[in-house]
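Engineer: what follows is a predicted structure for the sequence shown.
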Amino acid sequence: MAADLNQHEFIVAVAGMIFNADGHVLAMKRSSKKDAGAGLWETMSGRVDHFENPYDAIQREIFEETGLASGLDVVIDPRPYTSFHAKRLGQPMIVILYRAAHIANEPVLSEEHDEFAWLSSQDFAERSTLLETVKAVEQATNEHDTLLAYVASLNLVNTKSNLRNVELMKETNTHVGAVGDFPEESMHSFVVEGQDVLLVHQEGKFYALEDKCTHDNGILHDGELMDGWVKCERHGAKFNLETGAATLPAIKKVRLYKAEVSEGEVYINMQEASI
């Protein structure tokens, strides 16, 4: 009799404890619109995508939920601090918990949370019902000196000098996801500054181009990704990912934009790419 594989399925999630210089943890209040734990005070958390490295996942989650960039706004210890079992909507879940030090800029709330606050471990325990997280925050608070020692051991000379450049990138570029969100040989469509943009990941490089065939306005993301080209399904015109050059029946090149990767995150800059 075949085994029921469903009984072995479980969720893998990551969570992050960010501590400021005073040893207070960044606490987030879940949005009232969340399907689980609405109004609950927690630290940053989220699922690990298929084939995603947990450390990449916690960097992505922290940026998505707070706008704080790893290595610039926060320093995340890549060594998991602890792990524990939990449940989400009745399904078993393993949570891998990391800790991080806050070094610059205040968090920016995403739609996942309504409020944030820097709390002592005692205040966090009074607000949160996540017992395992509460216990970990208390322990990490008592070991805050080891986190500071880890940060001090890193070469952060360029961190502050690069910080303004990263802030400018956040202002001029649109964040569309983490590198792990876009598998090799994949195409994803986004609306950026009112324009339909196609993001392509091929051979380790990202390309951004107008998501519209210049021959008959066909939607390119419905087409075929080839070696260095995107083929429109409507009449077969192809567009080069590097140059935007077109093949018949299209004549006009497709507009290219800048796809940029920083700290494991992918951004689209609507400034036209130079060829």
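Structural biologist: Perfect, thanks for sending it.
Engineer: kindly format the C-alpha coordinates of stretch 20-32 as PDB.
Structural biologist: Once non-C-alpha atoms are left out, stretch 20-32 reads as follows in PDB (Å, rounded to 0.1, in the frame of the first residue of the first chain):
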ATOM      1  CA  ASN A  20      18.900  48.000  18.200                       C
ATOM      2  CA  ALA A  21      21.900  49.400  20.100                       C
ATOM      3  CA  ASP A  22      19.900  49.400  23.300                       C
ATOM      4  CA  GLY A  23      19.100  45.700  23.000                       C
ATOM      5  CA  HIS A  24      15.500  46.300  22.100                       C
ATOM      6  CA  VAL A  25      13.900  44.100  19.600                       C
ATOM      7  CA  LEU A  26      11.900  45.300  16.500                       C
ATOM      8  CA  ALA A  27       8.300  44.100  17.100                       C
ATOM      9  CA  MET A  28       5.600  44.200  14.300                       C
ATOM     10  CA  LYS A  29       1.900  44.100  14.800                       C
ATOM     11  CA  ARG A  30       0.200  41.900  12.100                       C
ATOM     12  CA  SER A  31      -2.300  43.600   9.900                       C
ATOM     13  CA  SER A  32      -6.000  43.100  10.700                       C
END
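Engineer: buried stuff in it?
Structural biologist: Gly23, His24, Val25, Leu26, Ala27, Met28, Lys29, Arg30, Ser31 (16 or more other CB atoms under 10 Å). In this view, the C-beta of every residue, glycine as well, is placed from N, C-alpha and C.
Engineer: from those residues, which ones fall inside strands?
Structural biologist: Taking DSSP state E, the ones among those that sit in strands are Val25, Leu26, Ala27, Met28, Lys29, Arg30.
Engineer: contacts only, for Ala208.
Structural biologist: Applying CB atoms under 8 Å, 6 or more residues apart in numbering, we find Ala208 in contact with Val197, Leu198, Leu199, Val200, Leu256, Tyr257, Lys258, Ala259, Ile268, Asn269, Ala273.
Engineer: and the fifth one, how many neighbours does it have?
Structural biologist: When neighbours are defined as other CB atoms under 10 Å, Leu256 has 20 of them.
Engineer: that one and Asp211 touch, don't they?
Structural biologist: No: contact status for Leu256 versus Asp211: not in contact, 11.8 Å apart, counting by CB atoms under 8 Å.
Engineer: strand 25-30 and the lengthiest strand in the chain, what's the angle between them?
Structural biologist: Under DSSP E, the strand in the chain containing the largest number of residues is strand 91-102. Using axes from the mean of the first three to the mean of the last three CA atoms, to 10 degrees, the direction of strand 91-102 lies 140 degrees away from that of strand 25-30.
Engineer: give the rounded mean pLDDT of the helix or strand that strand 91-102 is followed by.
Structural biologist: Beyond strand 91-102 in the direction of the C-terminus, DSSP states H and E gives the next helix or strand as strand 113-119. For strand 113-119, mean pLDDT is 92.
Engineer: so what strands line up beside strand 113-119?
Structural biologist: strand 25-30 (antiparallel) (DSSP bridges).
Engineer: circling back: pull the most distant pair out of the ones in strands among the buried residues of stretch 20-32.
Structural biologist: Taking CB to CB as the measure, these reach their widest spread between Val25 and Arg30, a distance of 15.7 Å.
Engineer: all helices for the chain, in order.
Structural biologist: Residue ranges of the helices in the chain, as given by DSSP state H, are 54-66, 121-127, 131-142, 144-153, 157-172.
Engineer: which residues sit against the second one?
Structural biologist: If you take CB under 8 Å, 6+ apart as the criterion, helix 121-127 is touched by Val25, Ala27, Trp41, Leu119, Val134, Val137, Glu138, Thr141.
Engineer: are any of those residues buried, and which?
Structural biologist: Neighbour counting over the contacts of helix 121-127 (16+ other CB under 10 Å) leaves Val25, Ala27, Trp41, Leu119, Val134, Val137, Glu138, Thr141 as the buried ones.
Engineer: please report how far the last one lies from Ile103.
Structural biologist: Just to be clear, that refers to Thr141. Using CB to CB, to the nearest Å, we find Thr141 at a distance of 18 Å from Ile103.
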